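Got a predicted model here, sequence first, then my questions.
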Amino acid sequence: MAVSLSSSSTITPITLQPNLKTIHGLGTLLPGYSVKSHFRSVSLRRSAVVVSAITGGASGTEIGKNTTDLLDTVKILDLKGNEIPISDLWKDRKAVVVGSLYIEVPRCVVAFARHFGCVLCRKRAAYLAEKKDVMDASGVALVLIGPGSIDQANTFVEQTKFKGEVYADPNHASYEALEFVSGVTVTFTPKAALKIIESYMEGYRQDWKLSFMKDTVERGGWQQGGILVAGPGKDNISYIRKDKEAGDDPPVEEILKACCA
């Protein structure tokens, strides 16, 4: 999806080969954030950017209070099986000091994978992880959530060496709360086929064992994901983009602008 101030835009995610560099896998950029130093306070204002990934290109897909309240009830699992509210990933993250400035910035980039075996999701994880040093410098955490079990999540981490945080959502609760699209028609598309070919040519591989696990076959195989930037604060979701189809990744610069600019 390309970002535009006046039009809508369109973003999704196999195993990295040993000789590859490890780089791992609607929207609103809220009007501004504040920057403070010990001697002055400066307010930086940005024009709102609405990024829509709904099929058909409809705009105006901002996150409402009802959605953030619903997300506060959604539980996900960490790699040890501990259950945590998904909003805990960002609501308590604080502002960060950069140089002499005290900057309030979005503190968490959350990528939602189609499923843990998906080649496109692994490419998504890679292209985000490649920019993790930029995120780290801005005090921004990188998180990936997949619809599956903690065993699948741990296998994903072992195979990809993903440097960010990884969580499992076996009930697809976060996907439903955010109304990510799902279905055969958004999974098998000409663009998705080209993305898969490109991913294989770049060295990524599908994990077919994970892909053919019962839960993935019955439900997760058709699920699409998205990316959001959130925090600090439960209701502070400053950017969200839903995948229109499989392989619908946004330019990484768009995400960095939302989380680290």
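Everything's here; your move.

only C-alpha atoms for contact and neighbour calcs from this point on.
Noted.

any idea where the helices of the stretch 51-200 of the chain begin and end?
For the stretch 51-200 of the chain, the helices defined by DSSP state H, counting those that start in this stretch occupy 65-71, 119-129, 132-137, 150-160, 173-177, 190-201.

Most tightly packed of those?
Mean neighbour count, computed with mean count of other C-alpha atoms under 10 Å, is highest for helix 119-129 among the helices of the stretch 51-200 of the chain, reaching a mean of 27.

Any idea which of the helices of the stretch 51-200 of the chain gets closest to residue 107?
With C-alpha to C-alpha, the closest approach to residue 107 among the helices of the stretch 51-200 of the chain belongs to helix 132-137: 8.8 Å.

Quick one: mean pLDDT for the closest one?
The average pLDDT for helix 132-137 rounds to 93.

can you list the residues that contact it?
Residues outside helix 132-137 that contact it (C-alpha atoms under 8 Å, 6 or more residues apart in numbering) are 141-142, 164, 256, 259-260.

Mind putting those residues into a markdown table with distance to residue 87?
Listed next are those as a markdown table, based on distance: C-alpha to C-alpha, whole Å:
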| residue | distance to residue 87 |
| --- | --- |
| 141 | 13 |
| 142 | 14 |
| 164 | 17 |
| 256 | 21 |
| 259 | 17 |
| 260 | 20 |
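
Keep only those of the residues you listed that are in strands.
Those of those mapping onto strands are 141-142, per DSSP state E.

could the helices of the stretch 51-200 of the chain go into JSON lines alongside distance to residue 89?
As requested, the helices of the stretch 51-200 of the chain are exported to JSON lines (distance: least, C-alpha to C-alpha, whole Å):
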{"stretch": "helix 65-71", "distance to residue 89": "11"}
{"stretch": "helix 119-129", "distance to residue 89": "17"}
{"stretch": "helix 132-137", "distance to residue 89": "15"}
{"stretch": "helix 150-160", "distance to residue 89": "17"}
{"stretch": "helix 173-177", "distance to residue 89": "13"}
{"stretch": "helix 190-201", "distance to residue 89": "29"}
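
right, so of the ones you listed, which gets closest to residue 237?
Nearest to residue 237, of the helices of the stretch 51-200 of the chain and by C-alpha to C-alpha, is helix 65-71 at 8.2 Å.

So which elements touch that closest one?
Contact here means 3 or more C-alpha pairs under 8 Å, 6 or more residues apart in numbering; DSSP states H and E; on that basis helix 65-71 packs against helix 173-177.

and the helix it packs on, what does it pack onto?
helix 65-71.

coming back round to it: need the contacts of helix 132-137 in a markdown table (columns: distance to residue 176, pLDDT and neighbour count).
Converted to a markdown table, these look like this (distance: C-alpha to C-alpha, whole Å; pLDDT from 0 to 100; neighbours: other C-alpha atoms under 10 Å):
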| residue | distance to residue 176 | pLDDT | neighbour count |
| --- | --- | --- | --- |
| 141 | 23 | 93 | 21 |
| 142 | 21 | 96 | 24 |
| 164 | 23 | 94 | 18 |
| 256 | 26 | 94 | 19 |
| 259 | 24 | 91 | 26 |
| 260 | 28 | 88 | 19 |
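
any idea which of the contacts of helix 132-137 is the one closest to residue 151?
Out of the contacts of helix 132-137, the member with the shortest distance to residue 151 (by C-alpha to C-alpha) is residue 164, at 17.1 Å.

picking that back up, among the contacts of helix 132-137, which one sits closest to residue 228?
Nearest to residue 228 among the contacts of helix 132-137 is residue 259, at 9.3 Å by C-alpha to C-alpha.

Phi first, then psi, for residue 116.
phi -70, psi -20 (degrees, to the nearest 10).

Check residue 235 too.
phi -90, psi 0.

Also the one 10 residues further on?
When quoted as degrees, to the nearest 10, the phi and psi of residue 245 stand at phi -160, psi 170.
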